[in-house]
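Colleague: when you get a sec, could you give me coordinates for this:
(one chain, ligands or ions: 2)
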Amino acid sequence: MASPGVPLSGELVKELERIPDGEKIKQCIQCGTCSASCPTAYAMDYTPRAVIAAMRAGQLEKVLRSDTAWLCASCYSCTVRCPAGIQFTDMMYALKRLGIKHGITPKDDRGQKLMATFVEDVDESGRSSELWLMAKYFMRTGPQAALRDAAFAFNMWRNRRLKLVPERVKAAEQLKAIKRALERRQG
Ligand code: SF4
Ligand code: SF4
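Modeller: Residues are numbered from 1 along each chain as shown. Ligands and ions are numbered 1, 2, ... in the order given. Just a heads-up that it's a prediction; the model follows:
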């Protein structure tokens with residue numbers, strides 16, 4: 001749940017200020033080009049166009065409870081095609097940050113769990129290993145789902161597209177130090 005008294009709209013404004021051209025959200029003309037360009041819009045409960053409208057109307061909790069940001073594949077199609085120059089993809093990252101910070105998740109929180117697992121993996125070793133990423137993810141969301149993907153994973157391994165041993169970058173500790181420094185800087 002959101003922390004009591006947290007001014008979410010004010011925090012969103014601060015997040016938008018961090019994004020280059022974040023203030024352009026005011027120039028949305030609701031043309032729907034972003035929604036029409038989005039490869040995952042069909043699965044979202046609110047389309048990109050509807051999310052922009054809700055953000056501008058101050059309905060931030062509604063936006064954070066939706067699965068839109070978590071289903072965004074960061075393909076940037078909406079961003080490059082938006083006639084108003086709105087950085088929609090970066091805004092999706094801002095919404096994810098706020099959702100995590102305040103513990104506001106959509107009903108179906110698998111997207112958030114996948115991202116949390118990915119971030120932990122990268123934090124630990126500097127890169128993610130597909131096999132271990134999915135193993136940890138399925139432990140969080142229900143191991144029975146792993147059975148459905150087992151044949152697919154086996155085929156990937158057989159075609160040398162899946163490594164069994166997780167890899168670690170040489171400078172993983174330095175990477176952690178950089179991350180800690182950035183977090184301190186952002187407060
Ligand atoms: S493409 Fe840009 S201007 Fe059009 S609805 Fe989406 S965000 Fe608004
Ligand atoms: S960046 Fe995200 S919201 Fe934009 S078109 Fe791609 S998947 Fe959709």
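
Colleague: tell me the domain ranges of this structure?
Modeller: Using automatic domain parsing, the domain ranges for the chain come out as 8-102, 110-186.

Colleague: pick the most deeply packed of the ones you listed.
Modeller: Sort the domains of the chain by mean neighbour count, taking mean count of other Cβ atoms under 10 Å, and domain 8-102 sits at the top with a mean of 17. The way it works is simple: take the backbone N, C-alpha and C, and place the C-beta from them, glycine included.

Colleague: wait, does it contact ligand 1?
Modeller: Yes: Domain 8-102 is in contact with ligand 1 by Cβ under 6 Å from any ligand atom, via 28-34, 48-49, 52, 82-84, 86, 88.

Colleague: surely residue 70 touches residue 96?
Modeller: Yes: using Cβ atoms under 8 Å, residue 70 is in contact with residue 96, at 7.1 Å.

Colleague: can you list residues touching both of the two?
Modeller: Counting by Cβ atoms under 8 Å, 6 or more residues apart in numbering, the common neighbours of residue 70 and residue 96 are 112, 115.

Colleague: list the contacts of the residue nearest to the spatial centre of the chain.
Modeller: Geometric centre of the chain, nearest residue: residue 70, 4.9 Å, by Cα atoms, centre = their mean. By Cβ under 8 Å, 6+ apart, residue 70 lies in contact with 96, 106, 109, 110, 111, 112, 115.

Colleague: in JSON lines, list those along with pLDDT, distance to residue 58 and secondary structure.
Modeller: Below are the contacts of residue 70 laid out as JSON lines (pLDDT from 0 to 100; distance: Cβ to Cβ, whole Å; DSSP: H, G, I helix; E, B strand; the rest coil):
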{"residue": "96", "pLDDT": "90", "distance to residue 58": "19", "secondary structure": "helix"}
{"residue": "106", "pLDDT": "92", "distance to residue 58": "19", "secondary structure": "coil"}
{"residue": "109", "pLDDT": "88", "distance to residue 58": "24", "secondary structure": "coil"}
{"residue": "110", "pLDDT": "87", "distance to residue 58": "28", "secondary structure": "helix"}
{"residue": "111", "pLDDT": "87", "distance to residue 58": "24", "secondary structure": "helix"}
{"residue": "112", "pLDDT": "88", "distance to residue 58": "23", "secondary structure": "helix"}
{"residue": "115", "pLDDT": "88", "distance to residue 58": "26", "secondary structure": "helix"}
